[in-house]
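sequence first, then the predicted structure, then my questions.
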Amino acid sequence: MGQIQVETCEIEGLKIITPTIHGDKRGYFMESYNLEDFKKAGIDTVFVQDNQSSSTKGVLRGLHFQINFPQDKLVRVLRGEVYDVAVDLRKGSPTYGQWQGVLLSEENHKQFFIPKNFAHGFLVLSDSAEFAYKCSDFYHANDEGGILYNDPALDIDWPISEGMELNISEKDQKWPVLSDIR
């Protein structure tokens, strides 16, 4: 018990979780998820699906959300490094349209809890990365929504290094800006 530290973010509901790492010359051990610890931290979510992706440097995925079947997500990096972003889409929220970014890596072992009604995306900063996430609802292909990753009104400060070539899916290049979402 008590194997995580939880940092609350400026945007209510977002949380950065750092697990306790038990290491020695053989390597390390950590609990990536413990229902009781997460409940004590105010994350009382039942996860029903785990996903994993592999991407190369410069891949930018997002900003995605589910429209009618919103999902809480718990995201982390197994290998490599990504810059992870969540955008508040909660109507009536004082932080609607604001974003929070966090560096997730295999070295820092941090996780990012993103509640329902946030858009989510990430940029791969290392040569490659394996990204894993838990979801509180199943993926519904016909329910997917998105926001253009470079929406000027959001002004997300993606850490795009000099010479980095972005690799963005055709679908992710065509999402509307936030002001066009009803």
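Done, it's in.

need the strands for the protein, in chain order.
Here the chain has its strands, by DSSP state E, at 4-8, 15-19, 22-24, 27-29, 49-56, 60-66, 73-79, 81-88, 99-105, 111-114, 118-124, 128-135, 144-146.

okay, now the sheet partners of the second one, with direction.
Strand pairing for strand 15-19, determined by DSSP bridges: strand 4-8 (antiparallel), strand 111-114 (antiparallel).

who wins for proximity to Glu162 among the strands of the chain?
In terms of Cβ to Cβ, the element of the strands of the chain nearest to Glu162 is strand 118-124, at 14.5 Å. In short, each C-beta sits where N, CA and C put it, glycine included.

packing partners of that closest one?
strand 60-66, strand 73-79, strand 81-88 (3 or more Cβ pairs under 8 Å, 6 or more residues apart in numbering; DSSP states H and E).

how does it look with 10 Å?
Secondary-structure packing of strand 118-124 (3 or more Cβ pairs under 10 Å, 6 or more residues apart in numbering; DSSP states H and E): strand 49-56, strand 60-66, strand 73-79, strand 81-88, strand 99-105, strand 111-114, strand 128-135, strand 144-146.

distance to Phe38 and mean pLDDT for the ones you listed - can I get that in CSV?
Converted to CSV, the helices and strands packed on strand 118-124 look like this (distance: least, Cβ to Cβ, whole Å; pLDDT from 0 to 100):
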stretch, distance to Phe38, mean pLDDT
strand 49-56, 15, 97
strand 60-66, 21, 97
strand 73-79, 8, 98
strand 81-88, 17, 98
strand 99-105, 17, 98
strand 111-114, 8, 98
strand 128-135, 10, 97
strand 144-146, 26, 96
